[in-house]
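**Q** quick one, fold the following:
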Amino acid sequence: MLGVKSVQMLIQQPIFTVYLTSQGIELHPGCEDYPYRQALHSCKSFELAYEFAQMAAACRNLPLQIKQLPTVVSGA
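**A** Numbers count the residues shown, from 1 in each chain. I've put the predicted structure just below:
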């Protein structure tokens, strides 16, 4: 399990990228060339990248996966 500092470091990544895969839409911290993934959008804001990923998934009727970002539990 990631600690608070790890979570803060992941959320403060300098860039976030949304990818299209055969399995759906993926949101990753950073920007890398991954095999079998097409980059759709990159930005510095997690919130804007997440909003774009949600719209891309809805428009294509595909599932959305957030990679390498932990789930934040309310009240933790």
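
**Q** how about the contacts made by K67?
**A** Counting by Cβ atoms under 8 Å, 6 or more residues apart in numbering, K67 touches 26-29. (Each C-beta comes from the backbone N, C-alpha and C, glycine too.)

**Q** again, only using 10 Å
**A** Taking Cβ atoms under 10 Å, 6 or more residues apart in numbering, we find K67 in contact with 17, 19, 26-30, 34.

**Q** and it, what's its pLDDT?
**A** In this model, K67 is scored at 87, pLDDT.

**Q** what of E47?
**A** What the model reports as pLDDT for E47 is 94.

**Q** same question for the one 10 residues further on.
**A** Predicted confidence (pLDDT) at A57: the value is 98.

**Q** thinking again about what came up before, show the buried residues in the contacts of K67.
**A** Using 16 or more other Cβ atoms under 10 Å as the burial test, the contacts of K67 include 17, 19, 26-29 as buried.

**Q** which of those fall within strands?
**A** 17, 19, 26-29 (DSSP state E).

**Q** quick check, nearest of the buried ones among the contacts of K67 to Q38?
**A** Sorting the buried ones among the contacts of K67 by how near they are to Q38, with Cβ to Cβ, puts Y19 at the top with 6.3 Å.
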